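A.B. asks: kindly generate the corresponding structure for this input.
(one chain, ligands or ions: 1)
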Amino acid sequence: MNFSTPVPAGAILRLHDVHKAYGRRPVLRGVSLDVPQGCLLGIVGANGAGKSTLLRILVGQAAADSGTIQCRGRIGYCPQDTVLHPALTVQEHVRFFQAAYRLNDCRRVWELLEQLRFNESPRSRLHTLSGGTRQKLNLAVALMHDPEVLLLDEPYQGFDWETYLCFWEIARGWCERGRTVVVVSHLAHDRERLDVLHRLQDGVLALDHSAVTGSAA
Ligand SMILES: Nc1ncnc2c1ncn2[C@@H]1O[C@H](COP(=O)(O)OP(=O)(O)OP(=O)(O)O)[C@@H](O)[C@H]1O
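C.D. replies: Residues are numbered from 1 along each chain as shown. This next block holds a predicted model:
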């Protein structure tokens, strides 16, 4: 993999001909993509199409078999499965990620939690929180270091409708600040909130031109 070559002007993230197989099962068969800075980009695809695999490769959690990935800026990654510990409190999670990111203060994470309508006490332990509430913390800690590129794998799982709408408002705000957001989604009604939509199918990523009312995945 080559992470070192400069990314072409305008693009903050570039993938070229990325391949990945698990054993003999090919999942990615030559994925190429240029993502411009400030873009809100969606990726849809059937279950098992390889969307999470692609994000895990981008963030370095899985190795591609071949291909090139170039990224200009820090990445924030919100995985599909939460990375939280049930016995720790909300506050303890914030402190843990503050140390991991070496941040001077945690203002951003508390602001983000407020925007996401997080109403629990910082002293609450994670196993006492609802699934949607845990996901709010999962998303907030993934982004508390204000990354330039945000990779979000179904980031609103379990959110109520109002929080879901808040999420998209926040995501649009990030793009207006020059952040680049890649969202893996299954929802047809997400389409109108995106700048561009790609579909991962048969191991290849292609622009999706299907109707707004059509099924996204
Ligand atoms: N660590 C692994 N080892 C072996 N096979 C894997 C591994 N991770 C994923 N796979 C397989 O790779 C394929 C793609 O999985 P992936 O999770 O990337 O799909 P996805 O598009 O994110 O699916 P979903 O929409 O259900 O979340 C699936 O067939 C899955 O079983």
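A.B. asks: quick check: mean pLDDT across the top helix by length along the chain?
C.D. replies: Assignment by DSSP state H gives helix 161-176 as the longest helix of the chain. Mean pLDDT, computed over helix 161-176, is 94.
A.B. asks: what's the pLDDT at Gly131?
C.D. replies: pLDDT for Gly131: 93.
A.B. asks: need the pLDDT of the residue lying closest to it once chain neighbours are set aside.
C.D. replies: Leaving out its chain neighbours, the residue that sits closest to Gly131 by CB to CB, 6 or more residues apart in numbering is Gly158, at 4.3 Å. Bear in mind the C-beta positions are built from the backbone N, C-alpha and C, glycine included. pLDDT recorded at Gly158 is 91.
A.B. asks: tally of neighbours for Gly158?
C.D. replies: Close neighbours of Gly158, defined as other CB atoms under 10 Å, add up to 16.
A.B. asks: start at 30 instead
C.D. replies: Okay, residue one is now 30; in that scheme the one you just asked about reads as Gly187.
A.B. asks: what kind of secondary structure is it in?
C.D. replies: Here Gly187 is recorded as coil under DSSP: H, G, I helix; E, B strand; the rest coil.
A.B. asks: span of stretch 220-236 from start to end?
C.D. replies: Length of stretch 220-236, first residue to last, CA to CA, to the nearest Å: 12 Å.
A.B. asks: ok, now stretch 154-161?
C.D. replies: First-to-last residue span, stretch 154-161, CA to CA: 14 Å.
A.B. asks: in that stretch, what counts as buried?
C.D. replies: Neighbour counts over stretch 154-161 (16 or more other CB atoms under 10 Å) mark Leu155, Leu158, Gly161 as buried.
A.B. asks: so which of those residues belong to helices?
C.D. replies: Of the buried residues of stretch 154-161, the ones assigned to helices by DSSP H are Gly161.
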